[in-house]
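Student: Here is the input, now give the coordinates:
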Amino acid sequence: MEYEAVIGLEVHAQLLTESKIFCGCSTKFGAAPNTHTCPVCLGMPGVLPVLNRKVVEFTIRLALATNCKIASSSRFARKNYFYPDLPKGYQISQYELPLAQQGWIDIEVNGESKRIGITRIHLEEDAGKLIHDETQPLSYVDFNRTGVPLVEIVSEPDLRTPEEASIFLKKLRNIVRYLDICDGNMEEGSLRCDANISLRPAGSTVLGVKTEVKNINSFRFVQRALEYEIKRQRAILEQGGIIVQETRLWDSNAGLTHGMRGKEEAHDYRYFPDPDLVPVLIDEEWIEKVRSELPELPEAKKARFMKDYGLSEQDAVVLIGSKELATYYEACVALFPQPKMVSNWITSELLRELKKDQREIDQCPVKPEDLANLLKLIDDGIISGKIAKNVFEEMYSTQKSPKRIIEEKGLEQVTDKGEIRSVIDTVLAAHPSQVKAYRKGKEKLLGFFVGQVMKQTRGKANPKIVNEVLREKLRQ
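Tutor: Model prediction:
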């Protein structure tokens, strides 16, 4: 029997506020354990939470960017469960009345657009962090993360393949980074993903029994975890077994999932409205104010790059892959207004070096002005494109300007026709049989002569002048 996967994602994004969601403690990552805490986030008796307004504003931004309906009134609830990293014995979240619902994001899959629904977007506080001692049976609790504001984005079960899930997560990460509400750092845990997956017979509309996979902290692991879970569930079904509804952990080292616990239902958490927090009221004036302040989002930027700069969709997609990369590109174009040439160099030379070093564009050692100056030197005929690639590698490794590198290495292009003619005369005299063959019709030999001239000049001769003078000489 053929089976179809049904996948939905639950994505938690840590919001980029300076203080926590219900108190004034810092949200800064990497502080000494239990130094960013206070009676409120530690759940001491008698304290009262106060909602951070910026958290709500950031969530409105995300709701608008994902085409959601924003509730005029939403409220917080207590999600009750016991775990050592949860000091109050409950987590403040939203349940029956989330801040936003019924949105969507379009993704590109194999050249076609597919709409993925957003069930809901709601606010909640993060829990603490357990650190397990490897030398003795002890665990330590760090409450610094307790109360850090999270927004949870729950997708509809519209995803059908692990690839689609990875594409959706990348698209969502790009949106939150463009909005400046989350840094999207999956390794530090500021963007986390749980995946719900079930199988059903192809063509069926009835959902199968799902499992939830946790502990996924990269796009590659999302894809690998779902691929493994599809194989595991298919094998069980094909052997006549049944899928158990449970929560499973992804083990990236072993490349498989482990059973963790039975999957909870909503009633297991005994949700009820938080009596210490009033409803969140959002009027149209606030929504419109946030809408007017939204930055240009990835899809709009892609369309503008294609229209204003004449880029292909493929190039535009690469360049809007991060807000920082798009900014870098436009800074280069402003200094050297040849958009396609700038695009070619960034998408090939620059991104190749960054990928090799596992660097992001904001860590790039080549400044936009230096790349623009290098391209201008090519355009002015000072250096050839081939030499420019060597100069670029030197720029990347030393952070020197292109002009300084060219001067130090004597790489300036030879454009003197008299000097080039002299080299060409030497080359033609050294290869009489090839000259004779060319003049008898083997015009492909022109490339051979060009190569010999470039070899003699160590690649410094202007290729355009070389071709022009060679043709002139070979016609004689």
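Student: Any stretches of the stretch 201-350 of the chain with poor pLDDT?
Tutor: In the prediction, the stretch 201-350 of the chain carries residues with pLDDT under 70 at positions 262-266.
Student: Let me see the ranges of the helices in it.
Tutor: All helices of the stretch 201-350 of the chain, identified by DSSP state H, counting those that start in this stretch, fall at 219-238, 284-292, 298-309, 313-319, 323-335, 339-345.
Student: What lies in contact with the fifth one?
Tutor: Residues from elsewhere that reach helix 323-335, judged by C-beta atoms under 8 Å, 6 or more residues apart in numbering: 174, 177-178, 295, 301, 305, 309, 319-320, 339, 342-343, 346, 360-362, 364, 368-369, 371-373, 375. For every residue, glycine as well, the C-beta is placed using N, CA and C.
Student: Of those, grab the buried ones for PyMOL.
Tutor: Typed into PyMOL, the line below selects the buried ones among these, using 16 or more other C-beta atoms under 10 Å:
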select buried, resi 174+177+178+301+305+309+319+320+339+342+343+346+361+364+368+371+372+373+375
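Student: if we can go back for a sec, may I see the helices of the stretch 201-350 of the chain organised as JSON lines, with distance to Ala31 added?
Tutor: What follows is the helices of the stretch 201-350 of the chain, written out as JSON lines (distance: least, C-beta to C-beta, whole Å):
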{"stretch": "helix 219-238", "distance to Ala31": "27"}
{"stretch": "helix 284-292", "distance to Ala31": "30"}
{"stretch": "helix 298-309", "distance to Ala31": "32"}
{"stretch": "helix 313-319", "distance to Ala31": "36"}
{"stretch": "helix 323-335", "distance to Ala31": "26"}
{"stretch": "helix 339-345", "distance to Ala31": "41"}
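Student: To Glu393, which of these lies closest?
Tutor: Closest to Glu393 of the helices of the stretch 201-350 of the chain is helix 339-345 (C-beta to C-beta; 12.4 Å).
Student: Going by neighbour count, list what's buried in the next helix or strand after the closest one.
Tutor: For helix 339-345, the following helix or strand on the C-terminal side (DSSP states H and E) is helix 351-357. Using 16+ other C-beta under 10 Å as the test for burial, helix 351-357 gives 351, 353-354.
Student: can you list the residues that contact helix 351-357?
Tutor: With contact meaning C-beta under 8 Å, 6+ apart, helix 351-357 is reached by 318, 360-361, 363-364, 393, 396.
Student: what's downstream of that helix, the next helix or strand?
Tutor: Sequence order places helix 368-379 as the next helix or strand after helix 351-357, per DSSP H and E.
Student: and the residue nearest to Thr161 when sequence neighbours are not counted, bridged to which residues?
Tutor: Closest residue to Thr161 apart from its sequence neighbours, by C-beta to C-beta, 6 or more residues apart in numbering: Ala5 at 6.6 Å. Ala5 forms beta bridges with Leu199, as assigned by DSSP bridges.
Student: Please list all residues in contact with Ala5.
Tutor: Counting by C-beta under 8 Å, 6+ apart, Ala5 has contacts 160-162, 197-199, 226, 230.
Student: now for the contacts of helix 351-357, which pair is the farthest apart?
Tutor: Across the contacts of helix 351-357, no pair lies farther apart than Val318 and Glu393, at 20.7 Å, counting by C-beta to C-beta.
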